[in-house]
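**Student:** When you get a sec, could you give me coordinates for this:
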Amino acid sequence: MVSAFCAALAVATAVVAILVQRAAATPIGEGEVFVSDAAQARGTIAESADIDLGVSRARNALGIEAVAVVDSEGTTLTSTSPSMDGASITSPLLMFGVREGRFVAVAGPTEHDIVLDGVTEWQVGSILYQVVSPLDDDTSLLLFYDISELLARRARPSRIESETVQLLGLTAVFAVLGVVVFLGHTRASRRYREMVVESQLLREHSEELRTANIELAEARNRAERALALAEEKIRIRSEFVLMINHELRTPLTSVVTGSRLIRDGDDLTESERRRILDAVIADGTRLQEMIDQILTVARVENQGISYPLRRASTAEVIAALGGIGVEVSETPDPRSNTELLLLTDPKSLSLLVASLVDNARTHGADRVTVSLSFTSDLAPMAEVGEQPENALYITVADDGPGIPEDFVSRVFEKFEKSSFSSGTGLGLYLGRLMVEALQGSLAVETGPEGSRFRIAVPVIASVARVDAA
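**Tutor:** Numbering: from 1, shown residues only. The predicted model follows:
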């Protein structure tokens, strides 16, 4: 934009310089032709551009300094000198040539100032050759020329005017400035394009770095989670080894010690021998149960667990729970004329309830109760599985010491124990696997007065009782 403007200025100043030099080199007398008011009033000459052209051609061809067109009365119609417009010829000899239509030449003083191109070249009284040349019946040419002055001006050597030099210098300045601006613009444009490419590359590299950082952060998070999981597994396994060492060693020591006493105690009474045998059997049974529990969990994790779920009535479930050795109570359904149908496996469900009862006794409960209801007021502190939309609730409550609050969130995890008092830390984990296979949920609420475990069994339908009146 700036370079184009400078180029335009350079061209303009060059044109002005040419015009100035041309004007300076133009001989005096080749300027404007003036038409008098009288000629304009008559209209004949003013309407024709040929008069101006004819005057100029005649003047230049004859080397004449001034030209005028006069009518038959000697009045100037048009002239190259504005001072002659409308003036009349007073010389009798010249008037004779005008009126008679003859060629007449007189050398004498001028009757008017001769002004050419705004400059008074000859004042009144200057001696000039004045020639009358007829044009037609009405007009004649009146020619003025000074041979010596004309020849002197014509012979003047041509030179370059100072104004022309200045304008050409200004043209050169504008041209150089335009070139500099153009080169600077070209260089700036090239640099701008390079910067655009560099910026694009930087944005691409930045995006690649951002993506790499995100991937690195994700990989670091995965590694940290994997490390935390590995550390947790190591911790659990270490605690499990210590727990197994404690839990298995105690009954095993009792079995070995009791067996030796029976073998070597010849002086034992029958009642003492029976008491020792009962303790050996109890500890052996406990040892067998722990081993069975460990093997069961390992088999379930390797092969999975599934139960043959089917429709079963609440009466059938209560009957299956009767074999766990704990009295089962039932809260009557408000809809006394209907029987609920459950989706479950009664035998597996009774094993789950029995496991919760045994777990409560193992952890110090003296009294354990089992109840069935169609509503629940338990506020779960931890829950596993998926609670059905419609459910029958089986609650196992005990009067034990309760579960520490900071341990409740891990109570259904594998190998988790709040103390080494008893158990393998697998009982509630196995209960979690069982309730998930039964498509129900298992929740716990605990406190200093004891714990309550609630099993939610899915209800799929209700039917009218057979004995409904």
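
**Student:** how about the strands in the stretch 301-450 of the chain?
**Tutor:** Under the criterion DSSP state E, counting those that start in this stretch, the stretch 301-450 of the chain contains strands at 310-313, 328-330, 338-344, 368-373, 382-385, 391-398, 441-447, 450-464.

**Student:** okay, the ones you listed, which one's buried deepest?
**Tutor:** Relative to the other members of these, strand 391-398 carries the highest mean neighbour count by mean count of other C-beta atoms under 10 Å, namely a mean of 23. No exception for glycine: its C-beta is placed from N, CA and C like everyone else's.

**Student:** give me the number of residues near residue 106?
**Tutor:** 14 (other C-beta atoms under 10 Å).

**Student:** In contact with it, which residues are there?
**Tutor:** Residues touching residue 106, when contacts are defined by C-beta atoms under 8 Å, 6 or more residues apart in numbering, comprise 91, 93, 94, 129, 130, 131.

**Student:** May I ask which of these has the most neighbours?
**Tutor:** The most crowded member of the contacts of residue 106, judged by other C-beta under 10 Å, is residue 130 (24 neighbours).

**Student:** beta partners of that residue?
**Tutor:** Bridge pairing for residue 130 (DSSP bridges) gives the partners residue 106, residue 144.

**Student:** Quick check: closest non-adjacent residue to residue 101.
**Tutor:** With sequence-adjacent residues excluded and distances taken as C-beta to C-beta, 6 or more residues apart in numbering, residue 101 is closest to residue 134, at 4.3 Å.

**Student:** Now do the one you found against residue 436, distance only.
**Tutor:** Residue 134 is 136 Å from residue 436, where distance means C-beta to C-beta, to the nearest Å.

**Student:** low pLDDT regions in the protein?
**Tutor:** Low-confidence segments of the chain (pLDDT under 70): 1-3, 20-65, 147-161, 236-248, 289, 292-293, 295-304, 333-338, 415-425, 464-469.

**Student:** domains in it, as residue ranges please.
**Tutor:** Described in terms of automatic domain parsing, the domain architecture of the chain consists of the residue ranges 31-159, 310-464.

**Student:** And the helices in the stretch 1-150 of the chain?
**Tutor:** Assigned helices in the stretch 1-150 of the chain, in chain order: 2-25, 37-42, 49-62, 92-100, 147-154 (criterion: DSSP state H, counting those that start in this stretch).

**Student:** can you give me the helices for the stretch 201-350 of the chain?
**Tutor:** Along the stretch 201-350 of the chain, counting by DSSP H, counting those that start in this stretch, helices occupy 270-303, 314-321, 346-362.

**Student:** So which of these is nearest residue 384?
**Tutor:** For the helices of the stretch 201-350 of the chain, proximity to residue 384 was assessed by C-beta to C-beta; helix 346-362 is nearest, at 12.3 Å.

**Student:** tally of neighbours for the residue nearest to residue 101?
**Tutor:** Every residue meeting other C-beta under 10 Å relative to residue 134 is counted, giving 16.

**Student:** Look up how far residue 68 lies from it.
**Tutor:** Distance from residue 134 to residue 68, counting by C-beta to C-beta: 14 Å.

**Student:** so what sits against both of those two?
**Tutor:** residue 141.

**Student:** most tightly surrounded among the helices of the stretch 201-350 of the chain?
**Tutor:** Ranked by mean neighbour count under mean count of other C-beta under 10 Å, the helices of the stretch 201-350 of the chain are led by helix 346-362, which reaches a mean of 20.

**Student:** elements contacting it?
**Tutor:** helix 314-321, strand 368-373, strand 391-398, helix 427-437, strand 450-464 (3 or more C-beta pairs under 8 Å, 6 or more residues apart in numbering; DSSP states H and E).

**Student:** Show me what the first one is in contact with.
**Tutor:** What it means is helix 314-321. Residues contacting helix 314-321 (C-beta under 8 Å, 6+ apart): 328, 330, 333, 339-340, 342, 344, 346-347, 349-350, 353, 370, 372, 392, 394, 457.

**Student:** and if we set it to 6 Å?
**Tutor:** Contact partners of helix 314-321, identified using C-beta atoms under 6 Å, 6 or more residues apart in numbering, comprise 328, 340, 346, 350, 353.

**Student:** Grab the nearest non-local neighbour of the fourth one.
**Tutor:** I take that to be residue 350. If you skip the residues right next to it in sequence, residue 350 has residue 320 as its closest partner in space, 4.2 Å away by C-beta to C-beta, 6+ apart.

**Student:** Check the gap between the one you found and residue 368 for me.
**Tutor:** For residue 320, the distance to residue 368 equals 17 Å [C-beta to C-beta].

**Student:** can you check residue 321 too?
**Tutor:** As for residue 321, its distance to residue 368 is 13 Å (criterion: C-beta to C-beta).

**Student:** who touches both of those two?
**Tutor:** Taking C-beta under 6 Å, 6+ apart as the contact criterion, residue 321 and residue 368 have no common neighbours.

**Student:** that older thread, residue 215: which of the strands of the stretch 301-450 of the chain is closest?
**Tutor:** Using C-beta to C-beta and comparing the strands of the stretch 301-450 of the chain, the one that lies nearest residue 215 is strand 382-385, at 34.1 Å.

**Student:** Each with direction, which strands does the closest one pair with?
**Tutor:** Looking at strand 382-385 with DSSP bridges, its paired strands and their directions are strand 441-447 (antiparallel).

**Student:** Could I get the full set of strands for the stretch 51-200 of the chain?
**Tutor:** So, for the stretch 51-200 of the chain - with DSSP E, counting those that start in this stretch - the strands run 66-71, 76-79, 104-109, 114-116, 119-122, 127-134, 139-145.

**Student:** Distance to residue 193 added to the ones you listed, as CSV?
**Tutor:** Conversion of those to CSV gives the following (distance: least, C-beta to C-beta, whole Å):
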stretch, distance to residue 193
strand 66-71, 66
strand 76-79, 66
strand 104-109, 79
strand 114-116, 61
strand 119-122, 60
strand 127-134, 73
strand 139-145, 69
